[in-house]
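**Student:** here are the coordinates; sequence isn't available:
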Ligand SMILES: Cc1cc2nc3c(=O)[nH]c(=O)nc-3n(C[C@H](O)[C@H](O)[C@H](O)COP(=O)(O)O)c2cc1C
């Protein structure tokens, strides 16, 4: 069984640091056997504000289907004004009501320029995920002073922080392997027994 992970980058700023951090998590996922990764960049989606008609409904449908078919999701948001970014909130608001994020294990990665890190945005994201019925993982990875962690080309300058960022990916896979996959196998066994 292949594990499908969808990642969403919550910054659309050219040269943004959230994508640099997320790139390490994506690399970690790609290195893991049996894992398929679909990175979603919001700048190309032209998401409508909630309640307004989409300019490209097929793209929104595709976005929802991609998330719906994922085994798990990794959400990476910058901290903007003490909360998650508006692109990240808009992405979640475009995932349906009820949300296709419901039931998904979600790993949260937060990136901030400030010294306290992305504490407020990761907590907010955790609350929103729980509210829509998703399963946010207990450990949210928050990166502080991100401009000192990466150079302008996106190279990570601190080995310990790189390891920590990669955990946002490996924790999600561990959770899926230990909690989600056994549940799916058990359900399949029970269904087979009932059928036989
Ligand atoms: C609108 C806006 C608000 C921001 N508010 C905060 C903040 O509250 N706390 C903080 O540490 N950094 C704040 N920042 C800085 C971002 O955390 C910083 O740009 C960081 O690189 C992550 O964003 P990025 O992925 O867009 O680069 C803000 C940046 C923008 C554009």
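**Tutor:** Structure received. Since this is a predicted model, take the numbers as computed values, not measurements.
**Student:** Strand partners (parallel or antiparallel) of the helix or strand hosting residue 78?
**Tutor:** Using DSSP states H and E, residue 78 falls within strand 72-80. Sheet partners assigned to strand 72-80 using DSSP bridges are listed as strand 3-9 (parallel), strand 83-84 (antiparallel), strand 105-111 (parallel).
**Student:** The last one near the ligand at all?
**Tutor:** Right, strand 105-111. Yes - shown here: strand 105-111 in contact with the ligand (Cβ under 6 Å from any ligand atom) through residue 111. In short, each C-beta sits where N, CA and C put it, glycine included.
**Student:** how much does the next helix-or-strand element following that strand deviate in direction from strand 72-80?
**Tutor:** As assigned by DSSP H and E, the chain's next helix or strand after strand 105-111 is helix 119-131. Orientation of helix 119-131 against strand 72-80 (axes from the mean of the first three to the mean of the last three Cα atoms, to 10 degrees) gives an angle of 140 degrees.
**Student:** Show residues contacting stretch 61-70.
**Tutor:** If you take Cβ atoms under 8 Å, 6 or more residues apart in numbering as the criterion, stretch 61-70 is touched by 4-6, 38, 40, 45, 47, 73, 91, 94-96, 100-101, 104.
**Student:** Could I have the buried ones of those residues as PyMOL selection syntax?
**Tutor:** Command for PyMOL that selects the buried part of these, burial taken from 16 or more other Cβ atoms under 10 Å:
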select buried, resi 4+5+6+45+47+73+91+94+95+96+100+101+104
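**Student:** nearest to the ligand, of the contacts of stretch 61-70?
**Tutor:** Ranked by distance to the ligand (Cβ to the nearest ligand atom), the contacts of stretch 61-70 are led by residue 91 at 14.2 Å.
**Student:** In terms of secondary structure, what does whichever strand or helix holds that closest one contact?
**Tutor:** Under the criterion of DSSP H and E, residue 91 resides in helix 86-93. Applying 3 or more Cβ pairs under 8 Å, 6 or more residues apart in numbering; DSSP states H and E, one finds that helix 86-93 makes contact with strand 72-80, helix 119-131.
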